[in-house]
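Trainee: Fold the following, please.
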Amino acid sequence: MALLPETARRVDALVAQAQAEGRAPSVALGVVRAGSLAHLAVAGDHPTPDADLQYRIGSISKTMTAVLVMQQRDAGRLALDDPLDKHLPGTPVGALTLRQLLGHASGLQREPDGRWWERTEGADLATLLAGLTPGKIAHPPHRVYHYSNLAYGLLGGVLERVTGTPWAELLRERILEPLGMRRTTYHPTEPYARGYVVHPWHDTLREEPRTDTGAMAPAGQLWSTVADLARWAAFLADPAPDVLDPATLAEMCSPVVIDDANTWRSGRGLGLGLHREGERVYVGHGGSMPGYVATVEVHRPSRTGVVGFANSYGFRTGSLGALGLRVLTTVLDAEPVAPAPWRPAAAPPPADVAELTGRWWWMGIALDLSWDAGSGRLVAHQRGIEVTRFAPEGPDRWRGRGGEEDGELLTVLRDGAGRPVALDLATFVFTRDPEQEP
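Mentor: Now for the predicted structure:
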């Protein structure tokens, strides 16, 4: 679904302005809608970008590492509240949990010891673990957000120990091949953009090394293209169930910790960043490695996303991440997704469900129940706003799925003749009569 010409023109203008003012050799940005690349905007000619040109994605690699961890959780091979010591025994930071590591809430320091890992040939897992000390915990766990590359190196080690498969191979088998991301690779594969630092005073370029980061690879090693990263953005918006249960991805998008306690504009889920722009929440991640910056941001309700790259280590002014957020908001404002058309139900609900629909009362508060034939669930509204859906769990038992009653039990109470006379929702008893005491 291509963008409208005026929207495409505005996106192209934003990208051209960002490249010129930011002094980036090249910038490539793609807009994703309804599962496919809807528009490609490029600027700069060093080299001239296209949808198949590789750039380094940096920390966007972490989002894939997080999905690998959640796959293993869903398979029952680990639990998010497992201490690190269960899978990497003997480390002096072994009391930290996998959940804390995924959500940057472990308090673990940002980088491993030694030289700057992003610009240095990496060591193996044993060397990474040998460098751990109790002093690596910079903050008490789960008190504050503290970004940690080291945490994701350790999560990669956990994956290798749990599966017996190296991280890169596991990634290829479990994510890249199923999603058709054939141009997402561990090492650069031609054609790829060389990465640079732009001199601040005379605008010359210094080419940066392209390192193999070893045990830290799960934190930032990968290379990809606009076309491939668009597939990843589409997955984050609407996951393929054979790769990850959609409910698990929704769990990953729930806040673990808030980045900015004063404004609540951003936070962290399980491997994904959360950004609030007005009434919208975007999920995604930024990335940087020497010579490169990258971004992916997705508005899941509309299945709209933005992916982008530049082959410079940051912009002179502004940032690629800010550009991505601005473009995403521009597209959503200009071309909001039309609601799905209402269609009449093919048949009424079963008799034992139909008698539950309608208005119920508790303490003068109305609860309206309707039936959604498509999902087979009862839908609860209060004051015209949907608050919860209930899935059948057994005779006269319904379980809340989503909303404020998520997980709560709704029990149907019947009289001697078998007629439903009340609904017990987590001990709050609703009846048909607003005058009846609970």
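Trainee: Quick one: neighbours of T357, just the number.
Mentor: 15 (other Cβ atoms under 10 Å). Every residue, glycine included, has its C-beta placed from N, CA and C.
Trainee: Ignore what I typed, I meant P239.
Mentor: Using other Cβ under 10 Å, the number of residues around P239 comes to 20.
Trainee: cool, and D212?
Mentor: 12.
Trainee: Helices of this protein, start to end?
Mentor: 5-22, 60-74, 84-87, 98-102, 125-130, 149-163, 167-171, 217-220, 226-237, 246-252, 320-334, 351-354 (DSSP state H).
Trainee: Lowest average pLDDT across the ones you listed?
Mentor: Note on the helices of the chain: lowest mean pLDDT is at helix 125-130, with a mean of 91.
Trainee: Would you indicate which residues of that helix are buried?
Mentor: L125, L128, L129 (16 or more other Cβ atoms under 10 Å).
Trainee: is it possible to export the residues you listed to CSV including distance to V412?
Mentor: Shown next, in CSV, are the buried residues of helix 125-130 (distance: Cβ to Cβ, whole Å):
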residue, distance to V412
L125, 54
L128, 56
L129, 55
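Trainee: out of those residues, who's nearest D85?
Mentor: Of all the buried residues of helix 125-130, L129 has the smallest distance to D85: 11.4 Å, by Cβ to Cβ.
Trainee: Quick one: residues contacting that closest one.
Mentor: Neighbouring residues of L129 by Cβ atoms under 8 Å, 6 or more residues apart in numbering: L88, G90, T91, G157.
Trainee: Excluding covalently adjacent residues, which one is nearest to the second one?
Mentor: In space, G90 comes closest to L129 once its chain neighbours are excluded; the distance is 7.9 Å by Cβ to Cβ, 6 or more residues apart in numbering.
Trainee: any weak-confidence spans in the stretch 251-400 of the chain?
Mentor: Filtered on pLDDT under 70, the stretch 251-400 of the chain yields no residues whatsoever.
Trainee: where does the closest residue to A20 other than its chain neighbours land on pLDDT?
Mentor: Counting by Cβ to Cβ, 6+ apart, A20 lies nearest to A43, which is 7.3 Å off, once chain neighbours are set aside. Per-residue pLDDT puts A43 at 98.
Trainee: ditto for P112
Mentor: The model's pLDDT for P112 equals 86.
Trainee: May I have the residues that are in contact with the nearest residue to it once chain neighbours are set aside?
Mentor: Of all residues beyond its chain neighbours, the one nearest P112 is L150 (5.0 Å), with distances taken as Cβ to Cβ, 6+ apart. Each residue near L150 by Cβ under 8 Å, 6+ apart is listed here: L108, Q109, R110, E111, P112, K136, M216, A219.
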